[in-house]
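Engineer: pasted the sequence and its predicted model underneath.
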Amino acid sequence: MEKDKDNEPEIFRRADEFLGVFHKGIEFTNDLLKENERLRFALAQLTEQAKAAQKAATSSELSKLRQQLAELTAEREAMFNRYKVVEEENKDFASRYVEVEEENNNLANLYVASYQLHSTMDLKEVLRIVSEIILNLIGSDHFAILTRNDEEPVLNVMAAETMDPSIKKIKLGEGMIGRVAQTGEPFIQDNLDQATVSSPDRPIVCIPLKIHDGVIGVIAIFDLFEQKKNRLTRVDHELFSMLAGHAATAIFSAMLYSRSQRSLSTIKGFLGLMTNKAA
Amino acid sequence: MAEYAFLVVEDSPTMRQLVSFGLKRIKGAKIVEATDGVDALKKLSEQPFHLIVADINMPLMDGLKLLSIVRKEPSYSHIPVIIVTTEGADADREKGMQLGANAYIPKPIQTNALLKTVRDLLKIAE
């Protein structure tokens, strides 16, 4: 019995100890729950902050991208406009290249014609060259070259292609050819569609051969090759004006040269005669 | 730079000069001129040519006769030949093509057309 009595306080003490530990456990658990609650709150706050930060970052990135896009669009627009300008320039260059090529060809034609016209002093040769120019550069095999007669008011046919051989002379002032020779004004049929071609009285082109203001003859063209029909080009007009001057000079020089050669041989003959008589 | 030897066969000095002038626009072009078919055969025997431009109507030997000789002669038969024809000479043109001409150019000669034909035949870039 005494032993139980001695033991009783030990039990109470241990129970008190246990209770103390239990209460501490409760306190600790409560502290843990509080800490847990605090941490959860902190986590929620951090999550919110992170979300807000992400949102802010996305929005600034977006605005940056938008700005970049605007810049690129403007650049693309500028490049497209530049491309259009360059394309226009290219087209312009291409058309100018064609023009220069054409001009080159025209100049070559004019050079060849002029070079050939002044390559000889022989009248027959000059007339052949003028004929070749009309045939090969202008494109006609129906024409006549006439020169003015010094003694009477007529034009003599010096060379002709596909023309009535009975026509040897044309009176000054008569018909288109005679009028051109009298006035010195060239005649070029504007509308070749309505032109009466192949008529000796009505040439489609009539060019006076002029030296200074004097007309020494006329070139009359009655028809053109099929591929030249309806399109007298700028170079044709230039060839006409070149022929008006250069062919006139070449023909006139050749005529003078031939006359001077004849006079020279007459003088030589006369001198020979005189020398023989004196001897 | 590639060199091209062209033989221009034409009795008219005006046309000869005009064709030569045009062909000189091709880079590396060397032009040899002949006044008729006989002269052309002489020039052909002296050096190789890349192309012949020949008129049809010529004295001594015309362009068609020259063409038939060129096509029969193995050492010349490969050379492209362009014939120059006048309006209304359709029969000559047809005969020329039958004899083996590679192309024809009508008179009056347009330099651009001549150059295009030559460049096409020799595959020369512009």
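Structural biologist: Great, that's in hand.
Engineer: can you list the weak-confidence ranges in chain A?
Structural biologist: Applying pLDDT under 70 to chain A flags residues A:1-8, A:191-200, A:228-230, A:279.
Engineer: most centrally placed residue in chain A?
Structural biologist: Nearest to the mean C-alpha position of chain A, by C-alpha atoms, centre = their mean, lies A:Ser95 at 1.0 Å.
Engineer: surely it is in a strand?
Structural biologist: No - counting by DSSP: H, G, I helix; E, B strand; the rest coil, A:Ser95 is not found in a strand; it is helix.
Engineer: A:Val130: what's its closest spatial neighbour, skipping adjacent residues?
Structural biologist: Closest residue in space to A:Val130, ignoring its immediate chain neighbours: A:Ala247 at 5.0 Å, by C-beta to C-beta, 6 or more residues apart in numbering or on different chains. C-beta here means a position set from N, CA and C on the backbone, and glycine is covered the same way.
Engineer: count the residues that sit near the one you found.
Structural biologist: When neighbours are counted by other C-beta atoms under 10 Å in any protein chain shown, A:Ala247 registers 28.
Engineer: find the nearest non-adjacent residue to A:Leu123, please.
Structural biologist: A:Ala254 (4.0 Å).
Engineer: elements contacting the helix or strand hosting that neighbour?
Structural biologist: Using DSSP states H and E, the element containing A:Ala254 is helix A:248-278. On a contact count with 3 or more C-beta pairs under 8 Å, 6 or more residues apart in numbering or on different chains; DSSP states H and E, helix A:248-278 meets helix A:123-132, strand A:142-148, strand A:205-211, strand A:214-223.
Engineer: how about those in CSV, adding mean neighbour count?
Structural biologist: Converted to CSV, the helices and strands packed on helix A:248-278 look like this (neighbours: other C-beta atoms under 10 Å in any protein chain shown):
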stretch, mean neighbour count
helix A:123-132, 20
strand A:142-148, 23
strand A:205-211, 23
strand A:214-223, 23
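Engineer: to A:Thr233, which of the ones you listed lies closest?
Structural biologist: strand A:205-211 (12.8 Å; C-beta to C-beta).
Engineer: so what are the sheet partners of that closest one and their directions?
Structural biologist: Strand pairing for strand A:205-211, determined by DSSP bridges: strand A:187-188 (antiparallel), strand A:214-223 (antiparallel).
Engineer: and the stretch 1-150 of chain A, which of its residues are near chain B?
Structural biologist: Within reach of chain B by C-beta under 8 Å from any C-beta of the partner chain, the stretch 1-150 of chain A has these residues: A:101-102, A:104-105, A:108-109, A:111-113, A:115-116, A:119, A:129, A:132-133, A:135-139, A:141.
Engineer: in strands only, show me those.
Structural biologist: Among the residues of the stretch 1-150 of chain A next to chain B, no member falls in strands (DSSP state E).
Engineer: just the buried subset of those, please.
Structural biologist: The neighbour-count test (16 or more other C-beta atoms under 10 Å in any protein chain shown) applied to the residues of the stretch 1-150 of chain A next to chain B identifies A:102, A:105, A:108-109, A:112-113, A:116, A:129, A:132-133, A:135-139, A:141 as buried.
Engineer: residue nearest the centroid of chain B?
Structural biologist: In chain B, the C-alpha nearest the mean C-alpha coordinate belongs to B:Val53, at 1.0 Å (C-alpha atoms, centre = their mean).
Engineer: so where's chain B shaky on pLDDT?
Structural biologist: Residues of chain B meeting the criterion pLDDT under 70: B:1, B:87-89, B:126.
Engineer: which positions in it make contact with chain A?
Structural biologist: B:12-15, B:17-18, B:21-22, B:25, B:86-87, B:106-112.
Engineer: repeat that for 7 Å
Structural biologist: Applying C-beta under 7 Å from any C-beta of the partner chain, we find that chain B lies next to chain A at B:12-15, B:17-18, B:21-22, B:87, B:106-108, B:111-112.
Engineer: out of these, list just those in strands.
Structural biologist: Of the residues of chain B next to chain A, the ones assigned to strands by DSSP E are B:Pro106.
Engineer: coming back round to it: hang on, the residue nearest to the centre of chain B packs against B:Thr85?
Structural biologist: No - with contact defined as C-beta atoms under 7 Å, B:Val53 and B:Thr85 do not form a contacting pair (11.8 Å).
Engineer: which neighbours do the two share?
Structural biologist: Listed as contacting both B:Val53 and B:Thr85 by C-beta atoms under 7 Å, 6 or more residues apart in numbering or on different chains is no residue at all.
Engineer: now the helices: where do they sit in chain B?
Structural biologist: For chain B, the helices defined by DSSP state H cover B:13-23, B:37-46, B:63-72, B:90-99, B:111-122.
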